[in-house]
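Colleague: below is the structure, and that's it, no one-letter string:
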């Protein structure tokens, strides 16, 4: 049995998920499209139990399994409808949505609830099994943060250095990867390439010397100095520079800037939006944790209070 389809409009979504039972049925069908299977003994005989009807108990071995286990909704007290609407808004609102906007849209009494929901959804945006980029890839780096008067080139100031890698798809762009990096040294930027780009790929960079040794690790490295370029040449690293520009506009416009502490999460959100901009159903299911299993994220982990 295939997974359930995804509504094509906000009106259809509103009708489809009008009740807690409708959300629960979709959750069950997404987790077990071929029917419930006990993770303990493999039996398909289970009965519902407990309030909210989200826990199934195997009739053979007695193991209890929650439909929300392994999802962002694990152990939540927030209604499923609220989670579904939050995931829908995050997945389909292309510019992104702030916690204040989410609180207002969902009529939540506390800002903290909206903030926590958003951060749990953001932590579900990185698939543990995601593959490295392939084919032709542009690699660059940029500074993200506040304005530092007098800062030049790759000087740090108070900003955060971010590595950028994006696939070349004709004149367009393919998959994107972003990650904070501690500095622009050779070992650091080479490690970023190794972690984000599969060996054998063609890697385009500018003339920065820190990229010089990546050819020794199975990459077809093609350097191009901006100083040596002629006015009639094609722009250098066009897709990477476009991604950097769009990222900065998005951070400033939707979130009014972010702290260095939480920047990695926002970078993951931007990558998620870019890579799934044409697949809203996959984005929705990924956010709720229905297409892959994530370890539950706690409030302490989000606020860095965990030991």
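Modeller: Good, I have the coordinates. Note that the coordinates shown come from a computational prediction; the quantities given were computed from them, not determined experimentally. Numbers count the residues shown, from 1 in each chain.

Colleague: residue 100 in helix, strand or coil?
Modeller: helix (DSSP: H, G, I helix; E, B strand; the rest coil).

Colleague: got a list of what it touches?
Modeller: When contacts are counted by CB atoms under 8 Å, 6 or more residues apart in numbering, residue 100 touches 111, 114. Placement of C-beta: from N, CA and C, glycine included.

Colleague: what score does it have for pLDDT?
Modeller: Predicted confidence (pLDDT) for residue 100: 91.

Colleague: now the helices for the stretch 51-200 of the chain?
Modeller: Shown for the stretch 51-200 of the chain, the helices assigned by DSSP state H, counting those that start in this stretch span residues 80-92, 99-106, 111-123, 186-196.

Colleague: how far out from the middle of the chain is the second one?
Modeller: Spelled out, that is helix 99-106. Its chain's average C-alpha position is 20 Å from that of helix 99-106, according to CA atoms, centre = their mean, to the nearest Å.

Colleague: check which residues of that helix are buried.
Modeller: Within helix 99-106, the residues scored as buried using 16 or more other CB atoms under 10 Å are 99, 102-103, 106.

Colleague: next up, the contacts around the residue nearest to residue 192 when sequence neighbours are not counted.
Modeller: Of all residues beyond its chain neighbours, the one nearest residue 192 is residue 163 (4.0 Å), with distances taken as CB to CB, 6 or more residues apart in numbering. Contacts were defined as CB under 8 Å, 6+ apart; by that measure residue 163 touches 139, 141, 177-181, 189, 192, 196.

Colleague: what's the farthest-apart pair in those?
Modeller: Farthest-apart pair in those is 139 and 180; separation 15.1 Å (CB to CB).

Colleague: which one's more surrounded, those two?
Modeller: Under the criterion of other CB atoms under 10 Å, the comparison of residue 139 against residue 180 puts residue 139 first, with 27 against 14.

Colleague: gap between the residue sitting nearest the centre point of the chain and residue 83?
Modeller: With distances taken as CA atoms, centre = their mean, the chain has residue 125 as the residue nearest its mean C-alpha position (2.9 Å). The gap separating residue 125 from residue 83 is 15 Å, by CB to CB, to the nearest Å.
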